[in-house]
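> I'll drop the sequence and a predicted model, then ask my questions.
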Amino acid sequence: MAIILNIETATRVCSVGVSIDGKLIALRESHTQNSHAEQITLFVQEVLNKSSITTKELDAVAVSKGPGSYTGLRIGVSTAKGFCYGLDIPLIGINTLESMANGMINLINKSDNLATKNVLVCPMIDARRMEVYSSVFSMSLNVIEETMAKIIDSFSYNKLLNSNKIYFAGDGAEKCKQSLSQKQNAIFLDDFHPSVSHLCSIADKKFNTDDFENPAYFEPYYLKDFVAGISKVKGLRM
């Protein structure tokens, strides 16, 4: 029996949960932007209390490793590594887009049990400016298009959309609607949000196959370099 603390801070959502054998038993999350640092340790304590599990009973910590928000990733990964070091338990890193795709597939299957053939899912994370972080998966969670940062236009995914329905979701998909919504086979899941509930089953599989990260060397998957904005604090502007 694997008891795993799961952390998702790669997106606007700060989400923390406890799972047993891949099934979520306690969840705490917030969609308040830029609140990860002040909420994450509180959420960890709340889900542990709710599940009546102590830190000593944890078998591993799973964290959404990116791509995503630079600051959010630093907060989530540093928190996860801290627990792993302190408790001497394994660290599991999970691609954020894979986790989102897993959640999208579960959502689609609930609404349409026949949606398995010629159907793909494309989770998207806003990468600022005109870019999104995206990847394309089959309904069995096989990678069709690798994770990348890309600019979406009216020609994007044309080849795949010619023979497949593609479900798009995530805050990156929102800004791509104008370019993609006119395509017949493009479908948008507006009610979908990233959550640790989507990564629990993946984390459990990785735990059972000893697919762990080395906490000493593990770094978030930023995908592209961090670009600092102009400080809004008087006296810190260059």
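Cool, the structure landed. Residues are numbered from 1 along each chain as shown.

> any idea where the strands of this structure begin and end?
All strands of the chain, identified by DSSP state E, fall at 3-8, 14-20, 23-30, 60-66, 91-95, 119-126, 131-138, 143-151, 165-169, 186-188.

> how close does the spatially closest residue to Val63 that is not a sequence neighbour sit to Val47?
Spatially, and ignoring its direct neighbours in sequence, Val63 is nearest to Ala80 (3.8 Å; Cβ to Cβ, 6 or more residues apart in numbering). Where C-beta positions appear, they are placed from N, C-alpha and C, glycine not excepted. Note on Ala80: its distance to Val47, by Cβ to Cβ, to the nearest Å, is 14 Å.

> any common contacting residues for those two?
Common contact partners of Ala80 and Val47 (Cβ atoms under 8 Å, 6 or more residues apart in numbering): Leu5.

> higher neighbour count, the two?
Ala80 (28 against 24; other Cβ atoms under 10 Å).

> contacts for the helix or strand of the chain with the lowest mean pLDDT?
One helix or strand of the chain scores below all others by mean pLDDT, DSSP states H and E: helix 177-180, with a mean of 89. With contacts defined as Cβ under 8 Å, 6+ apart, helix 177-180 is touched by 152-154, 156-157, 168, 186, 188.

> Could you rerun that using 6 Å?
Contact with helix 177-180 is made by 152-154, 186, as judged by Cβ atoms under 6 Å, 6 or more residues apart in numbering.

> And stretch 146-163, by the same measure?
Residues contacting stretch 146-163 (Cβ under 6 Å, 6+ apart): 97, 127, 130-131, 133, 135, 176, 179, 183, 185, 223-224.

> Name the member of the residues you listed with the most neighbours.
Busiest of those [other Cβ under 10 Å] is Leu97, holding 32 neighbours.

> And the protein, what are its domain boundaries?
Residue ranges for each domain of the chain read 3-95+194-208, 97-188, as given by automatic domain parsing.

> Any chance of TSV for these, columns distance to Glu219?
Below are the domains of the chain laid out as TSV (distance: least, Cβ to Cβ, whole Å):
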stretch	distance to Glu219
domain 3-95+194-208	7
domain 97-188	16
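
> Nearest to Phe218, out of the ones you listed?
Nearest to Phe218, of all those, is domain 3-95+194-208, at 6.2 Å by Cβ to Cβ.

> so which of the domains of the chain is the most packed in?
domain 3-95+194-208 (a mean of 20; mean count of other Cβ atoms under 10 Å).

> any idea how far Ile7 is from Val60?
Actually, residue 60 is Ala rather than Val. Taken as Cβ to Cβ, the span from Ala60 to Ile7 is 11 Å.

> And Leu160, by the same measure?
Separation of Leu160 from Ile7 (Cβ to Cβ): 32 Å.

> same check, this time on Gly76
5 Å.

> anything in contact with each of the two?
Common neighbours of Gly76 and Ile7 (Cβ under 6 Å, 6+ apart) are Val63.

> which residues touch the most centrally placed residue in the chain?
With distances taken as Cα atoms, centre = their mean, the residue of the chain nearest its centroid is Thr96 (3.0 Å). Residues near Thr96 by Cβ under 6 Å, 6+ apart: 10, 64, 66, 68.
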